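Asks: model the structure of this input:
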Amino acid sequence: MVVDEWSDETVDRLFHALADTTRRDILRRCVRAELSVSRLAEAYPMSFAAVQKHVAVLERAGLVTKQRSGREQLVRTDPDAVGRARQALDELESAWRGRVDRMARLLAEHPETEENDTTEGPER
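Replies: Numbering: from 1, shown residues only. As a prediction, this is how the structure comes out:
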């Protein structure tokens, strides 16, 4: 999927989810192994409900999925999740590099002369 085809809301959810330290840590833990929400909650100095909310943010962003296994919900990282974030950043970088290159070309085509120097105040 190309970032230009993503809605602003989709990209916002992705980067909002990645902006939080706890959520990034949850992603790292779930890359190594599928973990239940209760097992994840043991690792953080916050309530079970708070960890559930972090997992829900990650799930809405498409970074993790939950699957019921008996009484537990196992959280797993989507293998393509980091790739989507990287692709979004790469495309944004490409757009900005293009703008910088265009500005550099324009400046090279129209160099300032000493007559246009405005560092000194107007003559009186």
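Asks: Gln22: what's it in contact with?
Replies: Check again: residue 22 is Thr, not Gln. Listed by Cβ atoms under 8 Å, 6 or more residues apart in numbering, the contact set of Thr22 reads Tyr44, Met46, Val51, His54. Where C-beta positions appear, they are placed from N, C-alpha and C, glycine not excepted.
Asks: so who does the spatially most central residue of the chain touch?
Replies: Note on the chain: the residue nearest the mean C-alpha position is Phe15, at 3.1 Å, using Cα atoms, centre = their mean. By Cβ under 8 Å, 6+ apart, the contact set of Phe15 is Ala85, Ala88.
Asks: where does it land on pLDDT?
Replies: We have a pLDDT of 90 for Phe15.
Asks: all strands of the chain, in order?
Replies: 35-36, 64-69, 72-77 (DSSP state E).
Asks: Leu27: which of those is closest?
Replies: Closest approach to Leu27 among those (Cβ to Cβ): strand 72-77, 5.6 Å.
Asks: which residues sit against the closest one?
Replies: 26-27, 30-31, 34-38, 40, 55, 58, 63-68.
Asks: give me that answer again for 7 Å
Replies: Identification of contacts with strand 72-77 by Cβ atoms under 7 Å, 6 or more residues apart in numbering yields 27, 30-31, 34-38, 40, 55, 63-67.
Asks: what comes up buried for that strand?
Replies: Leu74, Val75, Thr77 (16 or more other Cβ atoms under 10 Å).
Asks: how about stretch 45-64?
Replies: Buried residues in stretch 45-64, counting neighbours by 16+ other Cβ under 10 Å, are found at Val51, Gln52, His54, Val55, Val57, Leu58, Ala61, Gly62, Leu63, Val64.
Asks: among these, which are in helices?
Replies: Here DSSP state H is the test, and the buried residues of stretch 45-64 give Val51, Gln52, His54, Val55, Val57, Leu58 as lying in helices.
Asks: pick the one among those residues closest to Arg84.
Replies: Among those, and counting by Cβ to Cβ, the member closest to Arg84 is Leu58, at 12.8 Å.
Asks: great, nothing more from me.
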